[in-house]
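Chemist: Here is a sequence together with a model predicted from it:
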Amino acid sequence: MCLSNVYDGSRSDDRLLFRNIADVRFEGDTLVMTDIMGIQRKIDAKVQKIDLMDNYIIVEPMEN
């Protein structure tokens, strides 16, 4: 099973947004992520990078 952590802008511990994300989908400009426990998290963001080998996603939150 491949789970990913989601980071804001760069891959550093102080930028970690979510852990153990199993599913990612888009609803318009909103990223909807579901973790291993089935908890959904939503954020208005653009995806900068998805690394499937190292299991991380970097996003850029959109300003409102």
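Modeler: In hand now; what should we look at? Computed from a predicted structure; not experimentally measured. Numbering: from 1, shown residues only.

Chemist: What sits closest to Ile43 if chain neighbours are left out?
Modeler: Closest residue to Ile43 apart from its sequence neighbours, by CB to CB, 6 or more residues apart in numbering: Leu31 at 5.4 Å. The C-beta positions use only the backbone N, C-alpha and C, and glycine is treated the same way.

Chemist: give the contact list for the one you found.
Modeler: 24-25, 42-45, 47, 59 (CB atoms under 8 Å, 6 or more residues apart in numbering).

Chemist: Swap in 7 Å and give it another go.
Modeler: Leu31 makes contact with 24, 43, 45, 59, according to CB atoms under 7 Å, 6 or more residues apart in numbering.

Chemist: between those residues, which is nearest Tyr7?
Modeler: Taking CB to CB as the measure, Tyr7 lies nearest Val59 of the contacts of Leu31, at 7.2 Å.

Chemist: Just list whatever residues bridge to the closest residue to that closest one other than its chain neighbours.
Modeler: In space, and not counting its chain neighbours, Val59 is closest to Ala45: 4.0 Å by CB to CB, 6+ apart. Note on Ala45: beta-bridge partners Pro61, judged by DSSP bridges.

Chemist: Roughly how far does Ala45 sit from Glu63?
Modeler: 10 Å (CB to CB, to the nearest Å).

Chemist: Appreciated, that's everything.
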